[in-house]
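S.K.: Structure here, sequence nowhere to be found:
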């Protein structure tokens, strides 16, 4: 019975390590998703800013379009941020389960438990900061430069 239990623990441990790796890779995918969609939407807003007169679009409609595109960027940023936070919480859960298995099979303290207080060392923290700073920058530049110029 002990052999079956150890084999099960080993398979579970492999699964947990696979899930931890997948969570780590997903953060990069989410950042790529944000960068791609934000670039496309902001490009659309800039194209609208540059071409609204030539296309005979009323300034109020063009301003509304630019704001609408930035709202979409904000929604994409919120969605991406949510996925990253959920991924970090999943990572913490998987790491704790990894520690539970190693404590039981190998011995207590074999792996140190993750500490959420170490969030400054997590790359997810800086991905979230990048998203937040880029979003704020887009809104500030649009509010101060683009919208006033669309008269």
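M.R.: That came through fine. Since the structure is predicted, the reported quantities are computational estimates derived from the model, not experimental observations. Numbering: from 1, shown residues only.
S.K.: could you give me the average pLDDT of the helix or strand harbouring residue 84?
M.R.: Using DSSP states H and E, residue 84 maps to helix 59-105. The average pLDDT within helix 59-105 is 96.
S.K.: Tell me how far that helix lies from the chain's centre.
M.R.: For helix 59-105, the separation from the chain centroid amounts to 4 Å (computed by C-alpha atoms, centre = their mean, to the nearest Å).
S.K.: Would you mind identifying the next helix or strand past it?
M.R.: Next along from helix 59-105, by DSSP H and E: helix 123-141.
S.K.: Would you mark the buried spots in whichever helix or strand comes after that following helix?
M.R.: Where DSSP H and E defines the elements, the next helix or strand beyond helix 123-141 is helix 147-149. Across helix 147-149, burial judged by 16 or more other C-beta atoms under 10 Å covers residue 147. The C-beta positions use only the backbone N, C-alpha and C, and glycine is treated the same way.
S.K.: Need the contact partners of helix 147-149.
M.R.: 49, 63, 66-67 (C-beta atoms under 8 Å, 6 or more residues apart in numbering).
S.K.: Can you tell me which helices and strands the biggest helix by length in the chain packs against?
M.R.: Taking DSSP state H as the criterion, the chain has its longest helix at helix 2-51. Where contact means 3 or more C-beta pairs under 8 Å, 6 or more residues apart in numbering; DSSP states H and E, helix 2-51 is packed against helix 59-105, helix 123-141.
S.K.: Kindly reformat the ones you listed as a markdown table containing distance to residue 10.
M.R.: As requested, these are arranged in a markdown table below (distance: least, C-beta to C-beta, whole Å):
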| stretch | distance to residue 10 |
| --- | --- |
| helix 59-105 | 8 |
| helix 123-141 | 29 |
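S.K.: Can you add mean neighbour count and give these back as a markdown table?
M.R.: Below are these laid out as a markdown table (neighbours: other C-beta atoms under 10 Å):
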| stretch | mean neighbour count |
| --- | --- |
| helix 59-105 | 16 |
| helix 123-141 | 15 |
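S.K.: Which one of these lies nearest to residue 116?
M.R.: helix 59-105 (6.6 Å; C-beta to C-beta).
S.K.: I'd like to check the angle between the closest one and helix 123-141, please.
M.R.: Angle between the axes of helix 59-105 and helix 123-141 is 170 degrees (criterion: axes from the mean of the first three to the mean of the last three C-alpha atoms, to 10 degrees).
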